[in-house]
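Visitor: give me a 3D structure for the following:
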Amino acid sequence: MDRTIKKITGVKVINISEESAEAIEKMVDKAIKEVRGKGLEIVDIQTTGDNLFLILVED
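Guide: Sure thing, here's the model as predicted:
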């Protein structure tokens with residue numbers, strides 16, 4: 001596990017309310033591709049009943 005301290009560079013929010021598991025999976029897959037395409041890394045994912053929060057840092 002990488003214990004390097006990194007500065008949070010962004011948060012991507014995905015609204016998952018009233019979505020099926022399949023739809024959520026597709027949205028998360030798309031978000032991961034977008035994040036990686038921008039040269040960022042997801043270091044954490046937080047959830048609420050309605051949203052997923054992807055915590056981003058520079059790769």
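Visitor: beta-bridge partners for residue 45, please?
Guide: residue 54 (DSSP bridges).
Visitor: check contacts around it.
Guide: Residue 45 makes contact with 52, 53, 54, 55, according to C-beta atoms under 8 Å, 6 or more residues apart in numbering. No exception for glycine: its C-beta is placed from N, CA and C like everyone else's.
Visitor: neighbour-wise, which one of those residues leads?
Guide: Using other C-beta atoms under 10 Å as the neighbour criterion, residue 54 leads those with 20 neighbours.
Visitor: how much space between residue 44 and residue 23?
Guide: Separation of residue 44 from residue 23 (C-beta to C-beta, to the nearest Å): 22 Å.
Visitor: hmm, back to that, out of the contacts of residue 45, which is nearest to residue 36?
Guide: Nearest to residue 36 out of the contacts of residue 45 is residue 54 (C-beta to C-beta; 11.4 Å).
Visitor: I figured that closest one was touching residue 36, is that so?
Guide: No: assessed by C-beta atoms under 8 Å, residue 54 is found out of contact with residue 36, at 11.4 Å.
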